[in-house]
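>>> Structure of the sequence below:
(chains A and B)
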Amino acid sequence: MDMKSLYLLVPLAPLVGAMIAGLLCRIIPRWVAHTATIAGVAIAFIASVVIFRDVMAGNTFNGPVYQWLTSGDYSFEVGFLIDQLTVTMMLVVTSVSLMVHIYTIGYMHDDPGYNRFFSYISLFTFSMLMLVMSNNFMQLFFGWEAVGLVSYLLIGFWYTRPTAIFANMKAFLVNRVGDFGFILGIGLVLAHFGTLDYAAVFAKAPSLADTTINLFLDREWATVSLLAATCILLFVGAMGKSAQVPLHVWLPDSMEGPTPISALIHAATMVTAGIFMVARMSPLFELSDTALSFVIVIGSITALFMGFLGIIQNDIKRVVAYSTLSQLGYMTVALGASAYSVAIFHLMTHAFFKALLFLGAGSVIIGMHHDQDIRNMGGLRKYMPITWITSLIGSLALIGTPFFAGFYSKDSIIEAVKFSHIPGAGFAYFAVLAGVFVTAFYSFRMYFLVFHGEERFGKAHHGHDDHHDDDHHHHGLAPGQKPHETPWVVTLPLVLLAIPSVIIGFIAIEPMLFGDYFKGVIHVDAARHPAMAELAHHFHGATAMATHALTTAPFWLAVSGVAVAWFFYLKRPDIPAAIKARVGPIYTLLENKYYFDKFNEAVFAGGARLLGRGLWKGGDAALIDGILVNGSARLVGWIASVVRFFQSGHIYHYAFTMIIGVFVLLTLWVSRV
Amino acid sequence: MSGTPLLSLAVWIPIFAGLVVLATGSDRNAPLARMLALAGAFAGLLVTIPLYTGFDMQTPAMQFVELAPWIPRFNINYHLGVDGISMLFVILNSFITLIVVLAGWQVIDNKVAQYNAGFLIMSGLLNGIFSALDGILFYVFFEASLIPLYLIIGIWGGPNRVYAAIKFFLYTLLGSLLFLVALLYLFINSGGSFSILDWHQLPIPMGAQIWIFLAFLIAFAVKVPMWPVHTWLPDAHVEAPTGGSIVLAAIGLKLGAYGFLRFSLPITPDASHELAGLIVALSLIAVVYIGFVALVQEDMKKLVAYSSIAHMGFVTLGFFMFSALGIEGALVQMISHGFVSGAMFFCIGVMYDRVHSRRIADYGGVVNTMPKFAAFFMLFAMANAGLPATSGFVGEFMVILGAVKYNFWVAFAAASTMIVGAAYTLWMYKRVIFGDIGNHHVAELTDINGREFLILALLAIGTLGMGLYPQPFTEVMHSSVNELLRHIAISKIQ
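Sure thing, here's the model as predicted:
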């Protein structure tokens, strides 16, 4: 098999699996559905490994598969770009997807929508692979929207639940706001570069670095840099997909979906599409400091402020969700600091440990019989040892414990921001440093509440206002009932994900960040953006980096976060309640998630409905139909009624009128003379 | 093959078949009437296939031309022909006719022969519109096609059908009267020719061009329909039977848009450039204003009707940007809208046949009892929202991209449909399909049968096929569109 067929096989194998499981979902038994889809994803994974080795041997590829559309001077193709960045993403996507597929056998065991679920996650894998393998903006947009569609279908997987079908619509629409910017950015690319092919656009970009466009009637103040406008618009798309403030509001609600997809889509892969996209566009972003500043500020706001929200969540999945938001903010900060390879590095390590944390949370949820409230848990380490150890590994990786995967990527981000001179980098440095403490605090708050301390399950539950994973099941443990460890199809993926969560950072940091791995793929203008060069200058090997970290601020911030969490939630559980009472307004602000949702619902959703009703009743019904259309009809009727008055049918009326008419005409004629 | 009068067959086979169906008389022969109608529609579709397979993509000239004198005294000819702009619509119309005959199969049991005959005759007349190259022939087809639709709404329509039918008829008739005046002006000034192709070459002073353009505009704007002459469409759709809505949306709305390309742009290019700003503004109002109106509709058919107006706003916008991307994107949008809006109206019809309500509030949780239907409806809802890999994406993508080059803020306004279009479509879908079973009507629903599956599958193939591989649709347009662009770039003022 030649390499080109192998490239095609990677997305098509999951697609075939999805079609088998989806189109025949009512006919085939469950084992066929999961075998077909797992086989499809496994083939994609193995093919990706082969392609990875081939790329390592120096064989990259950039070419079309078929011509999608031509129009005028423009040509749009479906095609693949296979390079180091692509193949990294392919490995991450297919490996996490494979783990999630296996895990799903256990997690969705009792669900009537079993086959449909497998079809969706395989379809997602196909879409995501099309996105990352694309060699042009059109196909990127296709993959971009297709993953959004599958995300929509999966958040609303339990379609009878009002919260789920609200959340999925919200997710789709908020993403569409991002896509609105994205497509305008793509439009600017096409209008000024004449093509949507990456290679051609990147090659032409430097020559357009000083081009300006005018946005308003040729006024001077409305003249902006073409590349700044393009990059910011493209980044608006990334803000939707990668849930950056203020377009982050959909991600916490997406937890309404089954846990496997929270791991796959809303933590490991889809939400990182925006990060990937900006890294892919590094030759464009490098040319606009304005855009990079915008990116770094948005990222740091997300990293810090979304972390705060993780502290007060009681739903196990929502804690992890806010943690994901915060970590996506870290990646975005790295992009803004021109440390694209660091962003991709963190994307990769995060994919493994966050998928692990989500699947661990899912395992806890199974063990707790679908109770998700961490206030009802405690002491689970005795009953679920594998879940406990793997979740601990995931948490340690997340908070950046030296030698763990997350340490290398997160510390590199912090260092890169320190060396960045882009406007906004100062604030970003503060945000990512403070974020370290916050991350450690909320992660270990959850960890201690779930796995340690008093066993709070099997008692009367806390208020059930929080969200639950599945209405089809009974909720929580009955009094006296104990949690249980989950079956091997669930724990095996946990173990397999725990391994890279520990070691991948140590192995990959040197080649990915400081070697030639991304050479020719990610472009950094070292003269203007020296962060990566400085980082390399200070790097003396992975071991030295870890030991050196023991003397730096981030490490001690993380340690103190863990310590405070331990003190508050294990040692003195009365303190959090006391603090809560003291800082009422702040707590209310956090509890309402900074009022983003309420604002959006009142202003955007409410405003749109109000406007629609006004235009409909006032414009269409009253003005156009009421006055113009029916008014014309009434006018015709009125004229007719007036005319009817003259047509009385009596001869003497007509004769009288005629005489008057003749008299008037004669008078006029006479007086003119 | 070249000797076969394919276009005449495409026009007259459905009309002849319609007359045969009509001859079966009363509803005692309804099964026979249905079979004959199906055969006629199928034969009508078959004869249009060679139009594509035998089409010469290299030439912008008219193909499959037929020319015979009709009323020699006024130099009126029976003159047919298609180019890359019109050819696909003949095929689309013949395809939709087949869908419509199938859609009414078990549903219409009152005056079956007349119903089917109406659609077949209308199909022939519509093919006539897309292939007529003589002004009067076009006008005759254009006006005659109103009559079957008027009857279909007026006889098989809903409770308020008479108001809707008359509103529809008067609105469109009023528009086309000015069109006739313009045709007569052109006849006189071209030295006695009714040939549309002759008129394309006719020099016209600016003042006259403006008046002709405005006369054309009123006629075509009503048909498209453009804001603010659109209010007949929601009423007509709401009252029309499912088949009537499908044809009206899939083909009826394309007549006005086609008129812009065949008449306005090539005959009055200078006026078109002069007044392009007006059309662009009206198009954007259609996209934005109508999008918000669609959002708050409580009747599903009205919602899709408003969504059609918004989608047609993209078509007129695309035309008046005077770029290949714009015009071809608009043409793609027209064909796509034929599949997608036809499918949307059919989906609503499927539910209406069972529950006898079009109100969104009367549904909820349909997926529980109709999962297969819900899957199809999801596909078409997504196509309506312009999701990539569906045909709905291609036209919007091309027009938005073309618009960025034309004017950034025009593109900005047009692209807002990405959000609003998704909002009204998905919000309706959520309220109708998702959720717990809303009431006992929904609980008693039965999923789609084989006939309904077939119709939805055919439309799904069209929607997905065009989304995944639009090239076969656009490559036949290139020569004609490029020629049109070249033509309208040259002033006709002497």
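
>>> Going by C-alpha atoms from here, please, whenever you check contacts or count neighbours.
OK.

>>> Residue ranges in chain B under the pLDDT threshold?
In the predicted model, chain B carries pLDDT under 70 at residues B:1-2.

>>> repeat that for 50
In the predicted model of chain B, residues B:1 satisfy pLDDT under 50.

>>> Just give the number of residues close to residue A:666.
12 (other CA atoms under 10 Å in any protein chain shown).

>>> Doesn't it lie inside a helix?
Yes: with DSSP: H, G, I helix; E, B strand; the rest coil as the criterion, residue A:666 is assigned to a helix.

>>> mind checking how far it is from chain B?
38 Å (CA to the nearest CA, to the nearest Å).

>>> cool, and residue A:78?
Applying CA to the nearest CA to residue A:78 and chain B gives a distance of 10 Å.

>>> longest single helix anywhere in the chain?
You didn't pick a chain, so chain A it is. helix A:162-193 (DSSP state H).

>>> think we crossed wires, I meant chain B
helix B:324-355.

>>> Which residue does the stretch 151-300 of chain A have closest to chain B?
Here the residue of the stretch 151-300 of chain A nearest chain B is residue A:160; by CA to the nearest CA that distance is 3.8 Å.

>>> Let's verify that residue: helix, strand, or coil?
Using three-state DSSP, the structure places residue A:160 in coil.

>>> and it, backbone torsions?
Main-chain torsions, residue A:160, degrees, to the nearest 10: phi -90, psi -10.

>>> Tell me which stretches of the stretch 1-150 of chain A form helices.
A:3-23, A:30-56, A:84-107, A:114-133, A:137-155 (DSSP state H, counting those that start in this stretch).

>>> so how far is the fourth one off the chain centroid?
In terms of CA atoms, centre = their mean, to the nearest Å, the centre of helix A:114-133 is set 16 Å apart from its chain centre.

>>> again with the shortest one
Offset of helix A:137-155 from its chain centre (CA atoms, centre = their mean): 11 Å.

>>> between it and helix A:114-133, how many degrees?
160 degrees (axes from the mean of the first three to the mean of the last three CA atoms, to 10 degrees).

>>> With only the CA atoms kept, save helix A:137-155 in CSV.
The C-alpha trace of helix A:137-155 is given here as CSV (Å, rounded to 0.1, in the frame of the first residue of the first chain):
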residue,chain,number,x,y,z
PHE,A,137,-8.9,26.4,4.9
MET,A,138,-12.1,25.0,3.2
GLN,A,139,-11.5,21.5,4.5
LEU,A,140,-10.4,22.9,7.9
PHE,A,141,-13.8,24.6,8.1
PHE,A,142,-15.5,21.4,7.1
GLY,A,143,-13.9,19.5,9.9
TRP,A,144,-14.4,22.4,12.2
GLU,A,145,-18.2,22.4,11.7
ALA,A,146,-18.4,18.6,11.5
VAL,A,147,-16.9,18.1,14.9
GLY,A,148,-19.3,20.8,16.1
LEU,A,149,-22.2,18.7,14.7
VAL,A,150,-21.1,15.6,16.4
SER,A,151,-20.5,17.5,19.6
TYR,A,152,-24.1,18.7,19.3
LEU,A,153,-25.4,15.2,18.7
LEU,A,154,-23.5,13.8,21.7
ILE,A,155,-24.2,16.6,24.2
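
>>> can you tell if that helix touches chain B?
Yes: residues of helix A:137-155 are located near chain B by CA under 8 Å from any CA of the partner chain, namely A:141, A:142, A:145, A:146.

>>> same deal with the fourth one?
No: using CA under 8 Å from any CA, no contact is recorded between helix A:114-133 and chain B, whose separation bottoms out at 10.9 Å.

>>> Can you report how many residues neighbour residue B:260?
23.

>>> now residue A:539
So residue A:539, with other CA under 10 Å, has 15 neighbours.

>>> That one - nearest residue in space that isn't next to it in sequence?
Spatially, and ignoring its direct neighbours in sequence, residue A:539 is nearest to residue A:545 (6.9 Å; CA to CA, 6 or more residues apart in numbering or on different chains).

>>> Excluding chain neighbours, what is closest to the residue of the stretch 151-300 of chain A closest to chain B?
Nearest residue to residue A:160, sequence neighbours excluded (CA to CA, 6+ apart): residue B:435, at 3.8 Å.

>>> Now that neighbour: phi and psi?
According to degrees, to the nearest 10, residue B:435 has phi 90, psi 180.

>>> List the contacts of it.
If you count contacts by CA atoms under 8 Å, 6 or more residues apart in numbering or on different chains, residue B:435 has them with A:159, A:160, A:161, A:162, A:165, B:364, B:365.

>>> List buried residues within the residues you listed.
Among the contacts of residue B:435, those classed as buried by 16 or more other CA atoms under 10 Å in any protein chain shown are A:159, A:160, A:161, A:165, B:364, B:365.

>>> how many degrees apart are the lengthiest strand in chain A and helix A:114-133 in direction?
In terms of residue count, the longest strand belonging to chain A (DSSP state E) is strand A:61-71. Per the same axes, to 10 degrees, the angle that strand A:61-71 makes with helix A:114-133 is 100 degrees.

>>> who does strand A:61-71 pair up with?
Sheet pairing for strand A:61-71, assigned by DSSP bridges, gives strand A:74-82 (antiparallel).

>>> between the strand it pairs with and helix A:162-193, what angle do the directions make?
Going by the same axes, to 10 degrees, strand A:74-82 makes 110 degrees with helix A:162-193.

>>> Check the offset of stretch A:476-494 from the chain's centre.
Using CA atoms, centre = their mean, the offset of stretch A:476-494 from its chain centre is 30 Å.
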